[in-house]
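Q: Everything below, folded, please.
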Amino acid sequence: MRRVVAYELVSLDGVAEAPDEFISTWDDVMDANLARVIDTQDAVLLGRRSWDEWAPYWPDSDIEPFASFVNGVPKYVATSTPLDREWSGSWVIEGDLVAAVRELREHPGGDIGVHASLSVLQTLLAAGLVDTLSLVIAPTVAGRGRRLFDGVPALRWETVRSVTSPTGHLLVDYRAVVPD
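A: Numbering: from 1, shown residues only. The predicted model follows:
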């Protein structure tokens, strides 16, 4: 069964919305961490808002390794309306997101990534469908914005990897603890 791996940029107080407002530095260790996470992924789940922001940007971007990755994998978009522009490999999820992800997990392939797309991630967390959380925690208190775990039920995670980058960001991978 394929795993769902979420990669999120969050502030110290858990804000995941508008990370450009609380992440002002980026370093080589953070680049290597992102490359490590996406190396196992061969599909991405996006919400409509993230897709609308990314579709005009990433096709012409030279920011690597993410540009080659996101432009080369299938992108499954959670939306109730047709996509209004072309972005290679983009597919609308028909119907229920949770059911679609359960079905996608049953198909052969690599990990399924969730990047940005806070509402998609929160829905999948609530449904118990996220296997790994790969967080970049900024040493900044955002103070406002939607938080990663807003509206998500209690879940248990175990730390499987933790690294501090030269710019002070904590890079942490958590694996979901399945209840007995």
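Q: what's the span of stretch 132-148 from first residue to last?
A: Terminal residues of stretch 132-148 are spaced 14 Å apart (CA to CA, to the nearest Å).
Q: oh, I was asking about stretch 77-89
A: Stretch 77-89: ends 10 Å apart by CA to CA.
Q: Other residues contacting that stretch?
A: 45-48, 51, 54-56, 58-59, 71-75, 90-93, 97, 100, 117, 119-120, 123 (CB atoms under 8 Å, 6 or more residues apart in numbering). Bear in mind the C-beta positions are built from the backbone N, C-alpha and C, glycine included.
Q: From those, which land in helices?
A: Of the contacts of stretch 77-89, the ones assigned to helices by DSSP state H are 48, 51, 54, 71-72, 97, 100, 119-120, 123.
Q: Just the buried ones out of those residues, please.
A: 48, 51, 54, 71, 97, 100, 120, 123 (16 or more other CB atoms under 10 Å).
Q: The last one and residue 96 touch, don't they?
A: No - at 9.8 Å, residue 123 does not count as touching residue 96 under the criterion of CB atoms under 8 Å.
Q: Now do the same for the spatially closest residue to residue 148 that is not a sequence neighbour: its pLDDT.
A: Nearest residue to residue 148, sequence neighbours excluded (CB to CB, 6 or more residues apart in numbering): residue 16, at 4.3 Å. Among the per-residue scores, residue 16 shows a pLDDT of 97.
Q: What about residue 16, how many residues nearby?
A: 23 (other CB atoms under 10 Å).
Q: what's the distance between it and residue 99?
A: As judged by CB to CB, to the nearest Å, residue 16 and residue 99 stand 24 Å apart.
Q: circling back: quick one, what contacts the residue nearest to residue 148?
A: Going by CB under 8 Å, 6+ apart, the list of residues near residue 16 reads 8-10, 118, 121, 145-148.
Q: what do you get for residue 60?
A: Per CB under 8 Å, 6+ apart, neighbours of residue 60: none.
Q: again, but for residue 22
A: 11, 15, 138, 140-142.
Q: Out of those, which sit inside helices?
A: Among the contacts of residue 22, no member lies in helices (by DSSP H).
Q: Give the buried subset of those residues as a PyMOL selection command.
A: To isolate the buried ones among those in PyMOL, judged by 16+ other CB under 10 Å, type:
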select buried, resi 11+15+138+140+142
